[in-house]
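[1] Quick one, structure for this:
(one chain, ligands or ions: 1)
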Amino acid sequence: MTETAKTQCPYCGVGCGLEVFPPAVPGKNITRASDGTPVWQARGDRTHPSSLGQVCVKGATIGESLHKDRLKYPMMRESLDQPFKRVTWDVALDAIAERIKTVVATQGQDAIAMYGSGQLQTEDYYVAQKLLKGCLGTNNFDTNSRLCMSSAVSAYAESFGADGPPCNYDDLDITDCAFLIGTNTAECHPIIFNRLRKNHKKNSQTRLIVVDPRATDTSKHADLHLAIKPGTDIDLMHGMAYLLLKWSEQSPQYIAQHFIDKFTNGFEEYRDILKDYTPEKVAKTCGITVAEIKQAARYWGKAKNVLSMWSMGINQSSEGTAKARTLINLHLLTGQIGRPGAGPFSLTGQPNAMGGREAGGLAHLLPGHRFVTNAKDRSEVEDFWKLPAGQISAQPGMSIWETIKAMELGDIGLFWVVATNPAVSLPDLDRVKKALRNCPFVIHQECYSPTEMAEFSHLLLPAAQWSEKTGVMTNSERRLTLCPKFRTPPGEARADWVIFAEVGQRLGFVREFAFNDAAEVYGEFVRLTKGQPCDQTGLSHEYLMTNGPTQWPAPKGNLPTVGVSNRLYTDLKFHTDDRRAKFIACHSKGLAEPADVNFPYVLTTGRLYGHWHTMSRTARIEKIMKMHPNPFLEIHPRDAKTLSLQEGDWVEVRSRRGCVRLPVVVTKGIVPGTVFMPIHWGALWAENAEANILTHPIACPVSKQPELKACAVSLVPVSGTASPTKELSWTSGLLEKLFQLTPV
Ligand code: SF4
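    Numbering: from 1, shown residues only. Predicted coordinates:
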């Protein structure tokens, strides 16, 4: 294919627009990777309203990753100690269909589980839903959004009656107070931060508050950096609310009493809880000063428009939903919602995690922001799919951690992993690996090979990735972009939705999966959104191709004006039964596993600017590997001195579950008593450097999102001089070298 294409970046939830160019452009030399392979070039799309031509290093180098180490053919083996053998698609798909029938007959449909990804396009999600939740009658379709956004989803649903961030990126240019909590936006959502930073630099009255136990590229630009102890976010936010309420006795403008009375419920209970959060007490709990809390409350209380943003630092917590609700409570207290520059804004991790939420991409959801526990929702979807009443189970499916526990008990007969790498990304990783080995049939549907997950798989299915299939993705501001196919998939790779549909048809659901192309799939999905908060009935592949990226809601006959960004709740009518937003307050519980005598430090984990998640793509891009070659542990100079550690010395980091070995970076950028390591390195790319060997699976009881952000560790200095990073070839041959795969 030789045409330039416009699309959305396939990495993070910012969802920047990209223009991609073929390797051979008339009049120019062919662009090649360092191994000589011609590669597509990417640059920011100036016409994309979300990013206005900006792009970070990941988006700019995406072309280099597309051809490297691809899984090209279905590969199968009887047991994990055998090498894989190439098989035909017919053999692979028949094997899946037969295995599903056997598992359903012997263990029941709930012994089947699929674990998907925010990398999937909406069409992929939708067809997978239909297969699992509709045709097979099990809701065991969870995704890696469980590790990423499920606390935000729960909080929006509880506080506003429906999922969906109310704000848009234009608010970044308008706000006069940005409150960033639990997000290193400059590194993890860089283009969002660029827009905010431009406003901050240009307008001297715009305030930037950053709440983070680490000094980061985000906090260095802040007017106020609150380096709180991990796990004290609710205390801080309640402390700010306490002050705003108190100050409002003299200066009523500090809270929005009219808004509270007319548009919310639950204020009295909230006010009662706040009584316990005096500034002195909160300062002590959070490890900051009373003056800092007062300054934060003053900035918030005096601002015209407050925009708060959060990400994993809030969501990945054993009280993640409560944290996100507490932030929403602050907005309700001050009426900061439903107008330009104001509102609570969760920053989505993956490029189409939002699309997944719309299509039912968690084990308790159905397409169109419906819930499996709601009889009306189930009935609407069953009718639409022309399935018998009662076909969709009323029982929420297993979250990924519940699936792992079921595997330990032998209760999962078939586990199907799609476009994600749980052999690196799940907490308590040694336990996860053991559980995976206990599953009799594991399918890994993936673009790259090897990945860590292949070691635990019986069947590898080659998936066409972004650029090789057409589909829709929704970014953090609810904007949908059509991502067209512009390259040919390698070998026999197929689009994910095509693979699901093939299996569905083999199971006898011929009519249900008779889609001719992705446009038909999307057309069916949008009809299911009719009348729902995420209504997309006015959209189609053709519309998005012609009119460009568009936000939902986008109902037929009432489409948003092209070029104008929309916000939710501008009429202050919410999606709850009485149309009022809810204050839902609770006390802070703190970390599930705080530091103690045996494990005296808190480990917090996070991402780096260049890498993406478990490095399946970015470890294959030399520029990014040069930028971030090694894993490391950040430690405060005071703690380093106590342990007689100097920069570059090695330390063994031990938790109750396992240990890793890392070189230390000594920095005042982290609070004493807390250490930090990046999440990215799995067993394939480094020795003994997997962050999740250490983390625990205790999760938020509402969202079931594990507390990946914090666990208690001890530190033991060790000798070590070599780089932890493994030396791997950049070129082909990895498959054979690492997994002894047998070619045909
Ligand atoms: S900010 Fe995110 S979406 Fe934008 S170019 Fe970077 S990785 Fe891609």
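
[2] so T31 makes contact with A42?
    No. At 10.8 Å, T31 and A42 do not qualify as touching, with contact defined as C-beta atoms under 8 Å. (Glycine included, C-beta is placed from N, CA and C.)

[3] burial of whichever residue of the stretch 601-744 of the chain sits closest to the ligand, as a residue count?
    Nearest residue of the stretch 601-744 of the chain to the ligand, counting by C-beta to the nearest ligand atom: W612, 7.3 Å away. Neighbour count for W612, taken as other C-beta atoms under 10 Å: 22.

[4] Then E593?
    E593 has 21 neighbours, counted by other C-beta under 10 Å.

[5] quick one: it and C711 touch, right?
    Yes. The criterion here is C-beta under 8 Å, and E593 meets it with C711 at 5.1 Å.

[6] if I look at the two, which residues touch both of them?
    R656, H696 (C-beta atoms under 8 Å, 6 or more residues apart in numbering).

[7] can you tell me the residue of this protein closest to the ligand?
    Nearest to the ligand in the chain, going by C-beta to the nearest ligand atom, is G59, at a distance of 2.7 Å.

[8] I believe that residue is in a helix; please confirm or correct that.
    Yes. Judged by DSSP: H, G, I helix; E, B strand; the rest coil, G59 forms part of a helix.

[9] need the contact list for it.
    Per C-beta under 8 Å, 6+ apart, neighbours of G59: C9, Y11, C16, L18, A42, G44.

[10] which residue packs closest to it, ignoring adjacent ones?
    Nearest residue to G59, sequence neighbours excluded (C-beta to C-beta, 6 or more residues apart in numbering): C9, at 4.1 Å.

[11] What of L539?
    A554 (5.1 Å).

[12] Can you tell me the number of residues neighbouring P396?
    By other C-beta under 10 Å, 18 other residues sit near P396.

[13] going forward, begin numbering at 789 instead of 1
    Done: numbering now begins at 789, and the last item shifts to P1184.

[14] Mind jotting down where the strands sit in the stretch 1239-1388 of the chain?
    Along the stretch 1239-1388 of the chain, counting by DSSP state E, counting those that start in this stretch, strands occupy 1247-1250, 1259-1262, 1267-1271, 1338-1339, 1369-1370.

[15] How about the contacts made by E1312?
    Listed by C-beta under 8 Å, 6+ apart, the contact set of E1312 reads Y914, F1303.

[16] related to what we said a few turns ago, could you look up the SS state of the residue of the stretch 1389-1532 of the chain closest to the ligand?
    coil.

[17] May I have the phi/psi pair for it?
    Backbone torsions for W1400, taken as degrees, to the nearest 10, come to phi -120, psi 120.

[18] Report the contact partners of it.
    Y799, C800, K846, T1406, H1468.

[19] From P1228, how far out is the residue of the chain positioned farthest from its centre?
    The outermost residue of the chain relative to its centre, with distances by C-alpha atoms, centre = their mean, is Q1038 at 42.6 Å. Using C-beta to C-beta, to the nearest Å, Q1038 is found at 68 Å from P1228.

[20] same check, this time on D1216
    Plainly put, D1216 is 22 Å away from P1228 if you go by C-beta to C-beta.

[21] who has more neighbours, those two?
    D1216 (24 against 15).

[22] Enumerate every residue touching the more buried one.
    The contact partners of D1216, taken as C-beta under 8 Å, 6+ apart, are R1445, N1480, T1483, H1484, P1485.

[23] Can you report how many residues neighbour the first one?
    Read it as R1445. By the criterion of other C-beta under 10 Å, R1445 has 17 neighbours.

[24] got it, and the third one?
    Residues near T1483, counting by other C-beta under 10 Å, number 27.

[25] and it, what does it touch?
    Here T1483 is in contact with P1215, D1216, L1217, L1391, T1393, S1443, R1445, P1494, E1495, L1496, C1499 (C-beta under 8 Å, 6+ apart).

[26] Tell me the pLDDT of the closest residue in space to it that isn't next to it in sequence.
    Spatial nearest neighbour of T1483, excluding adjacent residues (C-beta to C-beta, 6+ apart): P1215 at 4.1 Å. For P1215, the pLDDT comes out at 98.

[27] follow-up on the earlier one: could you identify the pair within the contacts of G847 that is furthest apart?
    The largest separation in the contacts of G847, counting by C-beta to C-beta, is between Y799 and G832 at 13.3 Å.

[28] Between these two, which has more neighbouring residues?
    Per other C-beta under 10 Å, whichever of Y799 and G832 has more neighbours is Y799, with 23 against 20.

[29] that's a helix at that one, yeah?
    No. Y799: not assigned to a helix; according to three-state DSSP it is coil.

[30] which residues are in contact with the biggest helix by length in the chain?
    Criterion DSSP state H: the longest helix present in the chain is helix 877-895. If you take C-beta under 8 Å, 6+ apart as the criterion, helix 877-895 is touched by 862, 864, 875, 897, 899-900, 924, 1199, 1201-1202, 1204, 1229, 1231, 1247, 1249, 1280, 1282, 1287, 1290-1291, 1294-1295.

[31] Apply 10 Å and report the result again.
    For helix 877-895, the external contacting residues (C-beta atoms under 10 Å, 6 or more residues apart in numbering) are 861-864, 873-876, 897-900, 919, 924-926, 1198-1202, 1204, 1228-1229, 1231, 1246-1250, 1280, 1282, 1287, 1290-1296.

[32] now, which of these lie within helices?
    Using DSSP H, the subset of the contacts of helix 877-895 located in helices is I1287, E1290, V1291, G1292, Q1293, R1294.

[33] you'd agree the fifth one is up against R1299?
    What that stands for is Q1293. Yes. Applying C-beta atoms under 10 Å, one finds Q1293 in contact with R1299, separated by 9.2 Å.
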